[in-house]
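> From the sequence below, what's the structure:
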Amino acid sequence: MGNGEQRVRGIAARAGGWSARHRWAAVGIWVLFVVLAMAVGSAAGRVDVKDSDQLKGETHTAAKIIEDAGIKEPAGETVLIQANDGRTLATDPQFRAAVTAVVQAVNGTGRVADVTSPYDTKTISKDGHSALVQFDMRGDADTAGDRVEPVLKAVASVQKEHPQLRIEEIGTASMRKTFSDAFGTDFKQAEYSAVPVALGILLIAFGALVAALLPVALAITAIMATMGLMGIVSHLQPMNDTANSVMLLVGLAVGVDYCLFYLRREREERAAGRDADTALRIAAATSGRAVIVSGVTVCVAMAGMLFTGLATFEAMGLASLMVVAVAMVGSVTVLPALLSLLGKRVEKGRIPFLHPDKRRNRNGRSGEEGSRLWSAVLKVVLAKPAVSLVVAAGALLAIAAPALGMKTQNLTLDQEFGDKLPIVATYNRVNDAFPGGSEPAEVVVKAKDINAPDVKAALAAFRTEAISSGASRGPVDIKLHDAQNVALISVPLVGGSDQDKAGKSLELLRDKVRPDTLGKVEGLEAPITGQVAGSHDFNDQLVGSVVPVFAFVVVFAFLLMLLSFRSLTVAITSIALNLLSVGAAYGILVAVFQHGWGASLVGAQGVGAIITWLPLFLFVILFGLSMDYHVFVVSRIREARMRGRTTKDAITHGVVTTAGVVTSAAVIMVAVFAIFGTLSMQSMKQMGVGLAAAVLIDATVIRGVLLPAVMALLGERNWYLPKWLHRLPDLTHDESAPADLPPQPPAVEGERVGV
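Okay, the predicted model is just below:
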């Protein structure tokens, strides 16, 4: 064009240009969006996932029968009365006196119902030294933990009166209260401390208060807007607290990252001597585009969770997808407007000792070296790329090797919390004395007439065979709900807290005992649920969803890379490097938490297994988040290559000039994820350590060594695109080259280079 201006191409560039020209309108629209989303979401209220929709299979069927029948299962509680000396028997007078005192004490609170004596229900251990007093909490089971305190005090008072016996309470309500008291504050502090940690790291990265506050402000407003949207969307896809926590984690990570990428490029261009408008235009066309490509890729990865068929995963996926989309839109719209409004004031609040003046080259512009450390590393990598590739890839494959023996299961109470809580010891003592008694299987029987002779005969036969088959040692308890024609059968499983043994008992119930008894009554339904059954069904469904989720995420990420960089090679290497990063994270998880290697270094312990939901969750989250760095670095390399540099020089330029922002972004992510690794729950430790380790590996070994080594070995083949793929949409940006750079060389064979 005659005036030297170039047609702006690309959504990010156009959005950034419009926002810069209509600064107050862009800021106003964003604020209005956040406020409206929160207001409408608050008015709509959040619909949470029902128990009956948590899982598919038998667990779902059982919950649906109970829900449709209108049966409100109360929170069950148990008081263990046990001889301390190993000699006192349940038939001794002092033991009987303690049982009577417990029954009277809990009844006296007025908070319980259906109190049963072990002498009536035969809940006395085989050795005769232990007995269980059982009862239900009155009112809604979900809020029973808030009302159980008087009952716990009543039981404690009986313990004081009978010091020669061990008298302890455990159950749904008491466990909820214990965990809420012990870890509720723990979780909140972790979530609240994430923001100050991110802000502190950004202060070090930028050396200016205003510049550091912008990414945090964008992340927080994106999270606030998404909270409102979650309330609206929950009427179509129910949400839960887990989805909310994951959304906060992901929202803070990507919100800060996207703003960091954009802001760092704008500051870099201004430091290079460009005026504010030009710097903002270049940042919009380059980093803004990288944000969109990365954001869409992360959204696709999060969408993979929707293919699991598990309500909790679907809620997490949708919530994460929304917060990433909101943060992405905010980064390419309101951020350019704010940068245009602030101008040089973005450097206000400088902290000189944190950010000394940058090195200048002989032209007075900021040095391109950016990072002495990464310059030194790259010098070695590019000098011997083949050796670097073999060493780095070999190291990561060695780290990933333990993942081949990964064992997944829902962690038991003692695995999850160790010996940190007294109630864990109570749980173990109940299971030792009454195997399976703390987590019994529940058979939900629905018949046309629950009192019909053939149904009653089948119930009796089931009770007898459940014990005679070896699946349970009893007692098998049956509760009839005549009005609803439903019976609930509680079956303590042999194996107790041993998930493998309890699982075999469950299979025996489902595959033999049930067909031989209840299965012979026509029209009768008898799904088996409970803690062990729920874990079994969850595992089955999760395993069945692994292939479609992996395939969806990998295929769509590949297509996005192909369209964004118009290079078949870049798309393939992107997927391969990300898979290697995820594999290394898996290996670290198995080594630390399954085998216990170095577990004490992170305040953890080897529990022999990885929590069931974590591998798939980590894959989706990491595959999405790792694309942040990959897209940002490769975009810069491609930009340099398209401006006339050789591939080797472009790699050096791209990696070194992005080293600062990638390092800052990675440190923030690692710090935020590591906070969750400090929680007491082993499952949260596994999540925090897994995410932190993967991000650290991705930002260092993958982006700093493997990526440049692979690209150096491939040379011009990095930009290869078969002619038959030239018809694909061109989503590359077209930022013009600076005047002082050499002209662009001829296009590489097989690729149409457009700037």
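
> C-alpha only now, for contacts and for neighbours.
Noted.

> What sits closest to A105 if chain neighbours are left out?
Distances taken as C-alpha to C-alpha, 6 or more residues apart in numbering place A154 nearest to A105, at 5.6 Å, with adjacent residues excluded.

> quick one: the strands in the protein?
Remark: strands assigned in the chain by DSSP state E are 76-83, 112-116, 130-137, 165-171, 408-409, 441-446, 477-481, 486-491, 528-530, 610-611.

> so what does the fifth one touch, helix or strand wise?
What that stands for is strand 408-409. strand 610-611 (3 or more C-alpha pairs under 8 Å, 6 or more residues apart in numbering; DSSP states H and E).

> could I get the strands of the chain as a markdown table with mean neighbour count, distance to V695 and mean pLDDT?
Below are the strands of the chain laid out as a markdown table (neighbours: other C-alpha atoms under 10 Å; distance: least, C-alpha to C-alpha, whole Å; pLDDT from 0 to 100):
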| stretch | mean neighbour count | distance to V695 | mean pLDDT |
| --- | --- | --- | --- |
| strand 76-83 | 23 | 43 | 92 |
| strand 112-116 | 17 | 49 | 92 |
| strand 130-137 | 25 | 45 | 93 |
| strand 165-171 | 22 | 39 | 92 |
| strand 408-409 | 18 | 22 | 82 |
| strand 441-446 | 24 | 40 | 93 |
| strand 477-481 | 14 | 50 | 90 |
| strand 486-491 | 23 | 45 | 92 |
| strand 528-530 | 24 | 37 | 90 |
| strand 610-611 | 24 | 19 | 88 |
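
> is it possible to export the ones you listed to JSON lines including distance to Q499?
Converted to JSON lines, those look like this (distance: least, C-alpha to C-alpha, whole Å):
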{"stretch": "strand 76-83", "distance to Q499": "21"}
{"stretch": "strand 112-116", "distance to Q499": "28"}
{"stretch": "strand 130-137", "distance to Q499": "23"}
{"stretch": "strand 165-171", "distance to Q499": "19"}
{"stretch": "strand 408-409", "distance to Q499": "8"}
{"stretch": "strand 441-446", "distance to Q499": "13"}
{"stretch": "strand 477-481", "distance to Q499": "22"}
{"stretch": "strand 486-491", "distance to Q499": "15"}
{"stretch": "strand 528-530", "distance to Q499": "13"}
{"stretch": "strand 610-611", "distance to Q499": "12"}
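
> Which of these sits closest to G57?
strand 528-530 (9.6 Å; C-alpha to C-alpha).

> Go ahead and name everything in contact with the closest one.
Strand 528-530 has contacts (C-alpha atoms under 8 Å, 6 or more residues apart in numbering) with 58-59, 62, 439-444, 510.

> now stretch 278-288
10, 12-13, 15-17, 261-263, 265-267, 269-270, 331-332, 336, 339-340, 632, 635-636, 733-735.

> so S505 makes contact with V494?
Yes. The criterion here is C-alpha atoms under 8 Å, and S505 meets it with V494 at 6.0 Å.

> Are there residues contacting both of the two? Which ones?
470-472.

> are any of the residues you listed buried, and which?
Buried positions within the shared contacts of S505 and V494, assessed by neighbour count (16 or more other C-alpha atoms under 10 Å), are 471-472.

> Which single one of the shared contacts of S505 and V494 is nearest to A551?
Using C-alpha to C-alpha, the shared contacts of S505 and V494 come closest to A551 at A471, 38.9 Å.

> still on that earlier bit, do you know how far the residue nearest to A105 is from V102?
8 Å (C-alpha to C-alpha, to the nearest Å).

> same question, V291
V291 is 63 Å from V102, by C-alpha to C-alpha.

> same thing with F462?
32 Å.

> More neighbours: which of those two?
V102 (25 against 22; other C-alpha atoms under 10 Å).

> Let me know how buried Q531 is, in neighbour terms.
Count around Q531 with other C-alpha under 10 Å applied: 16.

> ok so, going back, hang on, isn't the residue nearest to A105 packed against V103?
No. Using C-alpha under 8 Å, A154 makes no contact with V103, being 10.0 Å away.

> of the contacts of stretch 278-288, buried ones?
10, 12-13, 15-17, 261-263, 265-267, 269-270, 331-332, 336, 339-340, 632, 635-636, 733-735.

> tally of neighbours for P385?
Neighbours of P385 (other C-alpha under 10 Å): 22.

> now do E522
With other C-alpha under 10 Å as criterion, E522 counts 11.

> so what's the backbone phi/psi at it?
The phi/psi pair for E522 (degrees, to the nearest 10) reads phi -70, psi 130.

> Let me know the pLDDT of it.
Confidence at E522, expressed as pLDDT, is 90.

> Enumerate every residue touching A113.
Per C-alpha under 8 Å, 6+ apart, neighbours of A113: 107, 135-138.

> pLDDT below threshold where in this protein?
Applying pLDDT under 70 to the chain flags the ranges 1-10, 51-52, 182-189, 191, 353-371, 436-438, 496-497, 731-755.

> For stretch 673-691, list every residue counted as buried.
In stretch 673-691, counting by 16+ other C-alpha under 10 Å, buried: 673-691.

> what about dumping the CA coordinates of it to CSV?
Taking Å, rounded to 0.1, in the frame of the first residue of the first chain, the C-alpha atoms of stretch 673-691 are listed here in CSV:
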residue,chain,number,x,y,z
PHE,A,673,0.4,-26.2,41.7
ALA,A,674,3.0,-26.8,44.4
ILE,A,675,0.6,-25.2,46.9
PHE,A,676,-1.8,-28.0,46.4
GLY,A,677,1.0,-30.4,46.9
THR,A,678,1.4,-29.1,50.4
LEU,A,679,-2.2,-30.2,51.4
SER,A,680,-2.5,-33.2,53.7
MET,A,681,-4.7,-35.3,51.4
GLN,A,682,-2.6,-37.7,49.4
SER,A,683,-4.8,-37.3,46.3
MET,A,684,-4.2,-33.5,46.4
LYS,A,685,-0.5,-34.0,46.9
GLN,A,686,-0.5,-36.3,43.8
MET,A,687,-2.3,-33.7,41.7
GLY,A,688,-0.1,-30.8,42.9
VAL,A,689,3.2,-32.7,42.5
GLY,A,690,2.2,-34.2,39.1
LEU,A,691,1.1,-30.8,37.6
